[in-house]
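**Student:** Show me how the following folds:
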Amino acid sequence: MSLSSSLFSGISGLSTLGNAMQIIGDNIANVNTVGFKSSTFSFQDLLSQSVSTLSGTSQVGRGTALGDISASFDQGSFESTSNPTDLAIGGDGFFVLKETGTTNLFYSRAGNFRFNEIGNFINPQGYIVQGWTLDSNGTDVGTIDNIQLSSFTSAPSETSNVEVIVNLNSNGSDNSSGADTSLYGAWNGTSSTPIGTSAYEYQTSLLVYDSLGSTHDLTFYFDKAATASTYEYIVTCNPSEDKRTFAATKEITDITCVADVAASLDGKYFTLYDDGGSVAFWIDVDNSGTTIPAGASAAARDVEITTITTGMTAAQVAAQVQAAIDADAKFSATAADAVVTVTDASTGARTNASAGTSGFTATATAQGGTATSHPLEGLLARGTLTFGTDGSITGTTLDQINTATGGVTVQTTSDVSNGYYTFAPSFISGSSATIELNFGLRYNGSSWVKKSLSTSQYASGSTTTFQTADGYGAGDLEGVHVDVDGVITGSYSNGQLLPLFRVGLAKFQNTQGLFKEGGNLYSETRKSGSAITNKPGTNGLGSIAPNALEQSNVDIAQELVKMITTQRGFQANSKIITVADQMLQDLINIKR
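**Tutor:** Residues are numbered from 1 along each chain as shown. You can find the predicted model right below:
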């Protein structure tokens, strides 16, 4: 008889069902645990005993045992929260955490994280969440490591692009005509009133930032030019904020008049100077070039003129010299009657100059006129805007004011940056910057192309349609939010949203091989294989749900049903022991 075996079979059932009840109890106990994954179990029979029967040898089981306990990694429901650093994983993957002060890595589905007092992004046990640091463009920098805020401020960014869209009245007047033929000539460089209100048609200002985050006003002045389809403009700042330094110059006063005028000039080069005043003013004229170097002073100065040709009269040459001087932003010369006299240096006799002739000098004078200096502090650039017959902008120029001499650097389309002309202010509180100036017209490499929103010239009052400048000052971190791709973005008091970190996720070839460490943590084992880390949403990994926590995936109804069946099984196995014991008792009673 195998009554004793039946006792042990019953005991194995009790033991196995007791373990099952423990698993059920653990699942129910963690029904509200964040990120908890329920366990499932299965039973298996024990080694059978062979017995002889009339039909031959047969087998009888010896009871049951717990065959397997495995975790169910089914997706849990999401619970919305008000904490932006509460994260849930939608799909496969685990958060990667490192134990503080060690190299030990752990893995979890629980995303109830926060930043601590030293900037570490941690879970409730203080383990640091792992991820990648991002640059300002959102690109990963380096390898996966601790997510730690090392700075709670945003560095300033200097202005590099200014967009000014205006309508300039086509019926406006040329307010800057007269003694100074250009708008820039009306600039006097004083902080109180740097330009008279009657010198321009329209002005607009906007705020820009230097490299230290300090703000400065850029002011644009516009005035109608002599040509109906053209407006001239200057770009200025407060003269007291201009850090540029200019070479020392002396003001040039009245120029000596010379009455006689030579009949013609056919030379390729000659020298013009005035020696009647206290300051000599030399100008070397060369018609072979195009550049007009800037700045007039007591020292000699070269001015290249392209339009002097053989056969030009002295008056025509003087006009070209006059135009060259006017092209200088620092000095302008006016004359009621400009003349040029060419004399033999040895005899003093008047003569014509021919190419290559030596020993001759040419004196250029302005009959009854003056040459006047203009302060440049605060004057950054000048240029023109040209318009078509329909009032739309068709072209633009921009000349920078040189710092060394106060002259201008004439820019061509070969100097554009990203399709725009540039100028370079230098403010007192920060380093120099190069700023692209956009009037709604962009050079595409071969022609100017008007944008959908652009500067215009219509017969209506001058007004600003739109203007903006990039750059920003320093800011303090006010909060963070996390995107579905795991990017943690900082929100700063200066209005900037800057990418800071990207949360990393890991997956395993065999998640059932992970070892439960407690505290919602798992560690890798040989059975699980090594962790494979990557960005959320890539390589089969799930995405991040911010302001949410993954709830336990325990199905309470299913667990209660399991509890009932386990209880009934336990009762039945108890009955096996009771009945087997009664049978043994009956066997003992036979002796009596």
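**Student:** from here on, contacts and neighbour counts on C-alpha atoms
**Tutor:** Will do.
**Student:** Quick check: which helices or strands does the helix ranked longest in the chain pack against?
**Tutor:** Longest helix in the chain, counting residues (DSSP state H): helix 556-591. Helices and strands touching helix 556-591, by 3 or more CA pairs under 8 Å, 6 or more residues apart in numbering; DSSP states H and E, are helix 3-29.
**Student:** Name the residues of the longest helix of the chain that come out as buried.
**Tutor:** Buried positions in helix 556-591, judged by neighbour count with 16 or more other CA atoms under 10 Å: 559, 563, 566-567, 569-570, 573-574, 576-577, 580-581.
**Student:** which sections of this structure are below the confidence cut-off?
**Tutor:** Low-confidence segments of the chain, defined by pLDDT under 70: 1-2, 48-53, 56-57, 177-181, 246-374, 403-408, 432, 592.
**Student:** go again using 50 as the cut-off
**Tutor:** 178-181, 248-311, 325-346, 348-372 (pLDDT under 50).
**Student:** Let's test this: what are the backbone torsions at T64?
**Tutor:** When read as degrees, to the nearest 10, the backbone of T64 gives phi -130, psi 160.
**Student:** Go ahead and confirm it touches Q44.
**Tutor:** Yes. Contact status for T64 versus Q44: in contact at 5.7 Å, counting by CA atoms under 8 Å.
**Student:** Comparing those two, which shows the higher neighbour count?
**Tutor:** Neighbours per residue (other CA atoms under 10 Å) separate T64 from Q44, with T64 holding more: 21 against 12.
**Student:** excluding its backbone neighbours, what's nearest that one?
**Tutor:** Counting by CA to CA, 6 or more residues apart in numbering, T64 lies nearest to D45, which is 4.3 Å off, once chain neighbours are set aside.
**Student:** With G519 instead?
**Tutor:** Spatial nearest neighbour of G519, excluding adjacent residues (CA to CA, 6+ apart): Q125 at 7.7 Å.
**Student:** ok, so what distance separates that neighbour from L437?
**Tutor:** From Q125 over to L437 the distance is 54 Å, taken as CA to CA, to the nearest Å.
**Student:** who has more neighbours, those two?
**Tutor:** Neighbours per residue (other CA under 10 Å) separate Q125 from L437, with L437 holding more: 23 against 11.
**Student:** Can you tell me how far the more buried one is from T397?
**Tutor:** Taken as CA to CA, the span from L437 to T397 is 10 Å.
**Student:** Tell me the buried residues in stretch 101-117?
**Tutor:** By 16+ other CA under 10 Å, the buried positions in stretch 101-117 come out as 105-115.
**Student:** what's the straight distance from one end of stretch 137-149 to the other?
**Tutor:** End-to-end for stretch 137-149, by CA to CA: 17 Å.
**Student:** ok, residues contacting it?
**Tutor:** With CA atoms under 8 Å, 6 or more residues apart in numbering as the test, stretch 137-149 has contacts from 98, 118-121, 128-135, 499-504.
**Student:** same question, stretch 110-120
**Tutor:** 34-36, 85-88, 95, 121-124, 128, 146-150, 520, 549-550.
**Student:** Looking at the residues you listed, which are in strands?
**Tutor:** 87-88, 95, 121-122, 128, 146, 549-550 (DSSP state E).
**Student:** among those residues, who's most crowded?
**Tutor:** Busiest of those [other CA under 10 Å] is A88, holding 30 neighbours.
**Student:** ok, now which ones touch that residue?
**Tutor:** With CA under 8 Å, 6+ apart, A88 has these contacts: 78, 109-111, 544-546, 548-550.
**Student:** Determine which two of those are furthest apart.
**Tutor:** Comparing every pair within the contacts of A88 by CA to CA identifies R109 and P546 as the most remote, at 13.5 Å.
**Student:** And the strands in the stretch 151-300 of the chain?
**Tutor:** Under the criterion DSSP state E, counting those that start in this stretch, strands of the stretch 151-300 of the chain are mapped to 153-154, 161-167, 202-209, 215-224, 230-236, 269-274, 281-286.
**Student:** Which one of the ones you listed lies nearest to V554?
**Tutor:** Nearest of the strands of the stretch 151-300 of the chain (CA to CA): strand 153-154, 43.1 Å.
**Student:** Could you give the separation of that closest one from the chain centroid?
**Tutor:** 14 Å (CA atoms, centre = their mean, to the nearest Å).
**Student:** For that strand, name the packing helices and strands.
**Tutor:** Against strand 153-154 (3+ CA pairs under 8 Å, 6+ apart) you get strand 475-482.
**Student:** so what does the strand it packs on touch, helix or strand wise?
**Tutor:** strand 153-154, strand 487-492.
**Student:** So in that sheet, which strands flank whichever helix or strand comes after the longest one, and in what orientation?
**Tutor:** Spelled out, that is strand 487-492. Using DSSP states H and E, the helix or strand that follows strand 487-492 towards the C-terminus is strand 497-503. Strands adjacent to strand 497-503 in the sheet, as given by DSSP bridges, are strand 128-134 (antiparallel), strand 487-492 (antiparallel).
**Student:** For those, give me a markdown table that also has distance to A155.
**Tutor:** Output for the strands paired with strand 497-503, formatted as a markdown table (distance: least, CA to CA, whole Å):
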| stretch | distance to A155 |
| --- | --- |
| strand 128-134 | 15 |
| strand 487-492 | 10 |
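**Student:** what sits against the closest residue to T434 other than its chain neighbours?
**Tutor:** Nearest in space to T434, with sequence neighbours left out and distances taken as CA to CA, 6+ apart, is A424 at 4.5 Å. Contacts for A424 (CA under 8 Å, 6+ apart) come out as 380, 400, 432-435.
**Student:** Save those as JSON lines, and put in distance to T40, neighbour count and secondary structure too.
**Tutor:** Output for the contacts of A424, formatted as JSON lines (distance: CA to CA, whole Å; neighbours: other CA atoms under 10 Å; DSSP: H, G, I helix; E, B strand; the rest coil):
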{"residue": "L380", "distance to T40": "76", "neighbour count": "24", "secondary structure": "strand"}
{"residue": "Q400", "distance to T40": "77", "neighbour count": "24", "secondary structure": "strand"}
{"residue": "S432", "distance to T40": "68", "neighbour count": "16", "secondary structure": "coil"}
{"residue": "A433", "distance to T40": "66", "neighbour count": "18", "secondary structure": "coil"}
{"residue": "T434", "distance to T40": "66", "neighbour count": "16", "secondary structure": "coil"}
{"residue": "I435", "distance to T40": "66", "neighbour count": "21", "secondary structure": "strand"}
